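**Q** just coords:
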């Protein structure tokens, strides 16, 4: 079928406001979802689930959260990892301290706690912007790094400082196999991606973008900066909190504060830059890219070294990773500030007109 | 003309504004009547934009007060002004560049939208109904301004003249009682100026909106406005009907800049 | 009392080093509006280059004298920092003129990652020593004023003096020389500066180069104290609150902010630390800066911004 929207006329505003107004897109996305829900579990092996798919799903959720705040509301954050940590530790504490707490509820409550903490650390955004705000969010990062390391209550006085969740119980269904974990993450991701899309295409999304693009004008048309900014912080932190809880519970199983260090924050920021600021789709692209790239380099660089007769150590690969990430960030900021998502939509534009050049 | 000029709706009393010792406005008073087109003119640097910024609370004057429909505002803020029914456009285009034309104008209706965050997250239900109702309203404005063909285009990609129209559309979406226009015709060619004049007159006529507009180009303003205030170096040097103002020797001196 | 003063002096000396790193930030921000997150990576990179060349040169050319090896390594590193500045301008900044602050910040984050990876690829990733002959032994002073005297680390003292000298030199450079004037003009308004014939690109290379040299000095001081290792890159993160406190555009702000943070950290660690657990100095500085921001968003000496519409 040719990718074309000729003959698809919109006769109501409702039809015009769909998430995917073009019929071919709707078919494609449906096929993708069926493939992700049914096809992938059939063929993927354990390594694929553990090393790529589950991290991809969870980090996509986190990247969505960062994108809502940075890409849509324009409030830069360098402390995303801290909110993941808050979500993870809050969920952990709900799970162990409340009798009979279902795992999923604990995860969501972790998100709620992260949202509240996000509001508190979002307060500086009302007074300062841009660069100063970036530094303010670093305060959150360092504070929570310290708190989860030093305040023993959070880790339930565990002697090693690391905490673990032994079993995942999804309302009576025990989640043990990688496939089950994958499906749990997939379900949550689809749900929250839909919510994110709803928010960004509606009134609150317009308020966020208005604040991002021109805050003085936003105020003049009656948008309250406090509500817009703090709601963006809250929603973003909720996503990060849920992602953090999943990262701890489902992906890692047992973890230390270092799992949510400042490097994680930077990684999330890179995802949304490379994927595309202000694009839901971009968050997925970015997460996929950043999850896959190191794995690819780990395979590819030693192979490349083997070709020319040089042994490439793991350390060298990790340094190369740093360099490539750095270079890519700069490349995207200069060449395509809207990231992979824009490349994707440009491609679609071209396809629409194909085979005609204009 | 279907409109009837009414009572004083906006009264500015003894407004003085300075930036760190530099006087931008000194002791300026004037009033605006309901349904009229009121122009503020003056050479560059006369304090016109500052005046507009004071009216909708972007700047806070050191002295003076604003009386809006009998209500006294000692310190106006942009939020209060918006709620009180004052909308404005900007001289240097303050549009939301990353958003489409449609979204820009829809954003102008945020004060009327009531669905809360959770309803919006679910989308189906109140949020969607509200969205559709306001969309219909916004489409009326889009039709009125003749910008149907660009409604899905991000405003950052539009030419200047069209951006000016979107700016006007966003202000209209608020259904304001008072519309402040900051140099609506600056930087336009003759045709665009004519279009803009037509829009201003139509808004005033069809919706009965009171309009306060700033221009430094005297010609057009004199044709469309009911009364004119003239500022020069932050002082008021003239106030009255266009013809009166045109005959005022102080005004002539300010504009022609005679040597004495 | 003596102990308090000892803590205070320790804080002031640490603060002087923060000032030095903060100065790197301020220089670049003033001249290009770039909030340079890569300053820490510059410190690491410069220190690595310095440490390795001081080690390699004697091995390659059989140089016996430690001082000569150090001087040569120092000069080579300066040359490297110059090339780095040139490349950063050519390959990155040139394409990002007039972009928003946040974009530039993220670009410098990219530069930081690249430099960290590149530096470790070329120079290795172990812990290296920089030995520039700093005295290690502490001395007692003011024994006749306070009982038991005040213990001062000679190394810290020399470091503080070097930092202070550099800060003074840079201030003079900014205020008194033609290049300094051009820098200030560029800081005020890029386009206006360009229109009167100030070459923007060259100015940027100069500030990044100066920031590189500042980073080198900071790297040497820190490196000789703690060894050259990856953690040097995080020094910049500790200097960030300083810049916030002092105001992004103010040289005196960087200095005084550094001192305040240095003293604040030491005092809080010593007096608050025992009651709420150790290791608080890193976030304490941030929270201090944050609270301060809420009351004075432009920092101690920053200029007030008036929004125009």
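**A** Arrived safely, thanks for sending. Worth saying up front: this structure is predicted, and the values here are computed from it rather than measured.

**Q** Single out the residue in the stretch 251-358 of chain A that lies closest to chain B.
**A** Per Cβ to the nearest Cβ, residue A:278 is where the stretch 251-358 of chain A lies closest to chain B, at 6.5 Å. Just so you know, the C-beta spots here come from the backbone N, C-alpha and C atoms, and that holds for glycine as well.

**Q** what do you get for the stretch 1-150 of chain A?
**A** Closest residue of the stretch 1-150 of chain A to chain B, Cβ to the nearest Cβ: residue A:13 (4.5 Å).

**Q** what stretches of chain C score poorly on pLDDT?
**A** C:1, C:134, C:136, C:140-150, C:273, C:276-278, C:298-309 (pLDDT under 70).

**Q** for chain B, same thing?
**A** In the predicted model, chain B carries pLDDT under 70 at residues B:1-2, B:256-260.

**Q** Quick check: residues of it near chain A?
**A** Within chain B, the positions lying close to chain A (Cβ under 8 Å from any Cβ of the partner chain) are B:56, B:58, B:78-79, B:81-83, B:87-88, B:90, B:94-99, B:103, B:106-108, B:110-111, B:113, B:115, B:117, B:120-123, B:127-128, B:130-132, B:135-136, B:139, B:170-171, B:174.

**Q** Please repeat the previous calculation with a cut-off of 7 Å.
**A** Residues of chain B lying close to chain A by Cβ under 7 Å from any Cβ of the partner chain are B:56, B:58, B:78-79, B:82-83, B:88, B:90, B:94-99, B:103, B:106-108, B:110-111, B:113, B:115, B:117, B:120-123, B:127, B:131-132, B:135-136, B:170, B:174.

**Q** Which of those fall in helices?
**A** Using DSSP state H, the subset of these located in helices is B:78-79, B:82-83, B:103, B:106-107, B:117, B:120-122, B:127, B:131-132, B:135-136, B:170.

**Q** coming back round to it: show me what contacts the residue of the stretch 1-150 of chain A closest to chain B?
**A** When contacts are counted by Cβ atoms under 7 Å, 6 or more residues apart in numbering or on different chains, residue A:13 touches B:132, B:135, B:136.

**Q** Buried ones among these?
**A** Among the contacts of residue A:13, those classed as buried by 16 or more other Cβ atoms under 10 Å in any protein chain shown are residue B:135.

**Q** Switch the contacts of residue A:13 over to a markdown table; also include distance to residue A:142.
**A** A markdown table is the format used below for those (distance: Cβ to Cβ, whole Å):
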| residue | distance to residue A:142 |
| --- | --- |
| B:132 | 46 |
| B:135 | 45 |
| B:136 | 50 |
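
**Q** Direction included, what does the strand or helix carrying residue B:239 pair against?
**A** Here residue B:239, judged by DSSP states H and E, is contained in strand B:235-240. Paired neighbours of strand B:235-240 in the sheet (DSSP bridges): strand B:227-232 (antiparallel).

**Q** Distance from the one helix or strand residue C:165 maps to to the middle of the chain?
**A** Residue C:165 belongs to helix C:154-176 when elements are defined using DSSP H and E. Relative to its chain's centre, helix C:154-176 lies at 12 Å (Cα atoms, centre = their mean, to the nearest Å).

**Q** follow-up on the earlier one: so what's the backbone phi/psi at the residue of the stretch 251-358 of chain A closest to chain B?
**A** Note on residue A:278: backbone dihedrals following degrees, to the nearest 10 are phi 70, psi 30.

**Q** what's the closest non-adjacent residue to it?
**A** Residue nearest to residue A:278 in three dimensions, not counting chain neighbours: residue A:71, with 3.9 Å by Cβ to Cβ, 6 or more residues apart in numbering or on different chains.

**Q** Could you report the neighbour count for that neighbour?
**A** Residue A:71 has 29 neighbours, counted by other Cβ atoms under 10 Å in any protein chain shown.

**Q** okay, now residue A:43: neighbour count?
**A** Burial of residue A:43 is recorded as 7 neighbouring residues (other Cβ under 10 Å).

**Q** Tell me the pLDDT of it.
**A** Per-residue confidence (pLDDT) for residue A:43: 87.

**Q** now do residue A:6
**A** 67.

**Q** which residue is nearest the middle of chain B?
**A** By Cα atoms, centre = their mean, the mean C-alpha position of chain B lies nearest to residue B:180, the distance being 1.7 Å.

**Q** That one - that's part of a strand, no?
**A** Yes - counting by DSSP: H, G, I helix; E, B strand; the rest coil, residue B:180 is located in a strand.

**Q** ok, for it, nearest residue in space, not its chain neighbours?
**A** In space, residue B:180 is closest to residue B:88, 3.7 Å off (Cβ to Cβ, 6+ apart).

**Q** That neighbour reaches residue A:220, doesn't it?
**A** Yes - between residue B:88 and residue A:220 there is a contact under Cβ atoms under 7 Å: 5.9 Å.

**Q** Helices of chain C, start to end?
**A** Here chain C has its helices, by DSSP H, at C:2-32, C:39-61, C:66-91, C:101-123, C:154-176, C:178-188, C:190-195, C:200-226, C:235-246, C:251-267, C:273-276, C:281-295.

**Q** list the residues that contact both of residue B:88 and residue A:220?
**A** By Cβ under 7 Å, 6+ apart, the residues touching both residue B:88 and residue A:220 are residue B:56.

**Q** Three-state assignment for residue A:20, please.
**A** With three-state DSSP as the basis, residue A:20 sits in coil.

**Q** so how far is residue B:213 from it?
**A** 43 Å (Cβ to Cβ, to the nearest Å).

**Q** what do you get for residue A:137?
**A** Note on residue A:137: its distance to residue B:213, by Cβ to Cβ, is 42 Å.

**Q** can you tell me if the helix or strand that contains residue A:119 touches chain C.
**A** Residue A:119 is located in helix A:103-122, with elements delineated by DSSP H and E. No - contact of helix A:103-122 with chain C is not found when judged by Cβ under 7 Å from any Cβ; the minimum separation is 9.0 Å.

**Q** Can you list the buried residues in stretch C:166-185?
**A** Within stretch C:166-185, judged by 16+ other Cβ under 10 Å, the buried ones are C:166, C:167, C:170, C:174, C:179, C:180, C:182, C:183, C:185.

**Q** gap between the third one and residue C:211?
**A** If I follow you right, that is residue C:170. 10 Å.

**Q** does the residue minimising distance to the centre of chain A sit in a helix, a strand or a coil?
**A** The structure's chain A has its C-alpha centroid closest to residue A:63; by Cα atoms, centre = their mean the separation is 1.8 Å. With three-state DSSP as the basis, residue A:63 sits in helix.

**Q** List the contacts of it.
**A** Applying Cβ under 7 Å, 6+ apart to residue A:63 gives the contacts A:268, A:271, A:272, A:275, A:283, A:286, A:287.
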